[in-house]
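S.K.: With the input below, show me the fold.
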Amino acid sequence: MNAQPGLWWGLLAPLTCVAVISTGQLLFKIASASVDFRRPFDAPKGLLVLGVALALYAAATLLWVAALKHAPLGRVYPLMALSFVLVPLGSFVLLRETVSPSYWAGVALIVAGLAVIGRSWS
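M.R.: Have a look, this model is predicted:
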């Protein structure tokens, strides 16, 4: 493993994983609105959305494993915390869900924590 993973493996690939996994979470929520798992085939569009979400998760997992081959886990794993920013943001913007002010305060703390962690790797 290289000491310096480079821009792609050290930052862009992990951020892509976070974005794809966050998108998958939003798609899971969308699918949940139409799929009744007692009769799943009554909602083929919902099953399609669920299938896309699962495929995204699989692709993100493969990319994550590839990134871990090139970058230290302790360096890239904190980026996964960005999903706690992207998912509620997406649910607020795309799904019109409410997100409490205290949750946004927690998001700000997560971002601040990531900034502190990022500075420790500089």
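
S.K.: what's the helix or strand for Tyr57?
M.R.: helix 44-70 (DSSP states H and E).

S.K.: Pull out the buried residues from that helix.
M.R.: 46, 49-50, 53, 56-57, 60, 63-64, 67-68, 70 (16 or more other CB atoms under 10 Å). Backbone N, C-alpha and C define where each C-beta goes, glycine included.

S.K.: Same question for stretch 15-35.
M.R.: Neighbour-count burial for stretch 15-35 [16+ other CB under 10 Å]: 16-31, 34-35.

S.K.: likewise stretch 110-121?
M.R.: Residues Ile110 are the ones in stretch 110-121 that count as buried (16+ other CB under 10 Å).

S.K.: What ranges does the protein have for its helices?
M.R.: 6-7, 13-32, 44-70, 73-76, 83-93, 101-120 (DSSP state H).

S.K.: With mean pLDDT as added columns, please give the ones you listed in a markdown table.
M.R.: Putting the helices of the chain into a markdown table (pLDDT from 0 to 100) gives the following:
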| stretch | mean pLDDT |
| --- | --- |
| helix 6-7 | 88 |
| helix 13-32 | 97 |
| helix 44-70 | 95 |
| helix 73-76 | 90 |
| helix 83-93 | 96 |
| helix 101-120 | 92 |
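
S.K.: Which neighbouring elements make contact with the helix holding Tyr57?
M.R.: helix 13-32 (3 or more CB pairs under 8 Å, 6 or more residues apart in numbering; DSSP states H and E).

S.K.: hmm, who's touching the helix it packs on?
M.R.: 46-47, 49-50, 52-54, 56-57, 59-60, 63-64, 66-67, 71, 76, 79-80, 82-83, 86-87, 90-91, 94-95 (CB atoms under 8 Å, 6 or more residues apart in numbering).

S.K.: Can you give the distance from it to the centre of its chain?
M.R.: For helix 13-32, the separation from the chain centroid amounts to 5 Å (computed by CA atoms, centre = their mean, to the nearest Å).

S.K.: Please apply the same query to stretch 87-97.
M.R.: Using CA atoms, centre = their mean, the distance from the centre of stretch 87-97 to the centre of the chain it belongs to is 13 Å.
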